[in-house]
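Visitor: Here's my sequence, what's the structure:
(one chain, ligands or ions: 2)
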Amino acid sequence: MTPKPLIVIPVKDFRQAKSRLGNTLSPDHRSALARRLCERTLGFFANHFPDHDRLVVTASPKIARLAKKLGAMVLEEPQADGLSPAAQRAADWARQAGYSAQLLVPADIVELDEAEICRLLKTGGEGPAVVICPASDGGTNALLTSPPDALPFRFGPQSAVAHRQAAQRLGLSCQVLELSRLRFDLDTPADLSTLDALIQQRGAETPQELKKLWNLCTTPHGMTPWTAWLTTP
Ligand SMILES: Nc1nc2c(ncn2[C@@H]2O[C@H](COP(=O)(O)OP(=O)(O)OP(=O)(O)O)[C@@H](O)[C@H]2O)c(=O)[nH]1
Ligand SMILES: O=C(O)[C@H](O)COP(=O)(O)O
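Guide: Ligands and ions are numbered 1, 2, ... in the order given. As a prediction, the model looks like this:
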């Protein structure tokens, strides 16, 4: 058995990603944003958790190449059928490969924090267990399952509650861990406003990476893409 949890990162084709930003960002901006978020996620785990294997689940050959370049293994899915099927596919693979647990993290967290992930990985304990990290919108922004396929995946609206209920129905040890950085993923125009407010609030203390992320949402001319997008014939 491999004692360290497998880090599972599901990534759908960048051109299909961030559809909830479709009325705000142009397709090119959305794709570039999704790619940058994915690169940062893979780079974060490669740099801070090199002793944990990483597995990217994707149907995109382009993302598979990117994942391998950034040190991750790749589990190809025939098509993007949704986050829960992708998570289940990973859990089945992880179980068969001998991993005792898996930590699924979406590739759109704005600020991954090493101390938070260390705390998450230390939670859970022995035996079948689930640790849920809720997103600010009630989703699940990290899910630690031991064994990997300990429970059915219920990603979607209010999935943090759905996962807790599924764990309780199965009599699994279940902890809900609120982590302030991990709660914030970039899905909606309101999340873009939150990112902008975060940058304004931090001012000179703003990490360069956050500024780069924000710059990806604006045109070279400093206009916001929604202006450019709406005025594009
Ligand atoms: N492999 C795989 N990953 C997925 C799939 N659907 C979503 N994801 C990934 O799961 C994470 C959370 O995605 P969502 O926020 O639900 O989807 P999104 O594409 O980022 O945004 P929307 O298109 O607005 O739903 C991201 O890393 C996505 O790339 C899928 O069908 N297959
Ligand atoms: O809980 C979920 O379904 C995933 O984290 C995705 O949620 P999101 O679409 O709100 O990011």
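
Visitor: Pick out the residue closest to the middle of this protein.
Guide: Among the residues of the chain, the smallest C-alpha distance to the mean C-alpha position (CA atoms, centre = their mean) belongs to Pro106, namely 1.5 Å.

Visitor: From ligand 1, how far off is that one?
Guide: Remark: distance between Pro106 and ligand 1 (CB to the nearest ligand atom, to the nearest Å) = 3 Å. From N, CA and C alone the C-beta is placed, and that goes for glycine too.

Visitor: my read: that residue touches Ile7, true?
Guide: No: under the contact definition of CB atoms under 8 Å, Pro106 does not touch Ile7, with a separation of 11.8 Å.

Visitor: Neighbours of the residue in the chain that ligand 2 sits nearest to, how many?
Guide: Of the residues in the chain, the one nearest ligand 2 is Gly139, at a distance of 2.9 Å by CB to the nearest ligand atom. Burial of Gly139, expressed as a neighbour count using other CB atoms under 10 Å, amounts to 21.

Visitor: can you pull the contacts of the residue nearest to it when sequence neighbours are not counted?
Guide: Spatial nearest neighbour of Gly139, excluding adjacent residues (CB to CB, 6 or more residues apart in numbering): Ser159 at 5.1 Å. Taking CB atoms under 8 Å, 6 or more residues apart in numbering, we find Ser159 in contact with 138-140.

Visitor: Any figure for the gap between Ser159 and Leu104?
Guide: Ser159 sits 11 Å away from Leu104 when distances are taken as CB to CB, to the nearest Å.

Visitor: is it true that Leu75 touches Ala91?
Guide: No: when contacts are counted by CB under 8 Å, Leu75 is not listed as touching Ala91 (10.5 Å).

Visitor: Between these two, which has more neighbouring residues?
Guide: Ala91 (25 against 20).

Visitor: secondary structure element for that one?
Guide: With elements delineated by DSSP states H and E, Ala91 resides in helix 83-97, which encompasses its position.

Visitor: Can you give me the neighbour number for Lys4?
Guide: For Lys4, using other CB under 10 Å, the count is 14.

Visitor: quick one: contacts for it?
Guide: Counting by CB under 8 Å, 6+ apart, the residues that Lys4 touches are 51-53.

Visitor: Leu179: which of these is nearest?
Guide: Leu179 has its nearest neighbour among these in His52, at 17.3 Å by CB to CB.

Visitor: what about that closest one, which SS state?
Guide: Reducing the assignment to helix, strand or coil with DSSP: H, G, I helix; E, B strand; the rest coil, the entry for His52 is coil.
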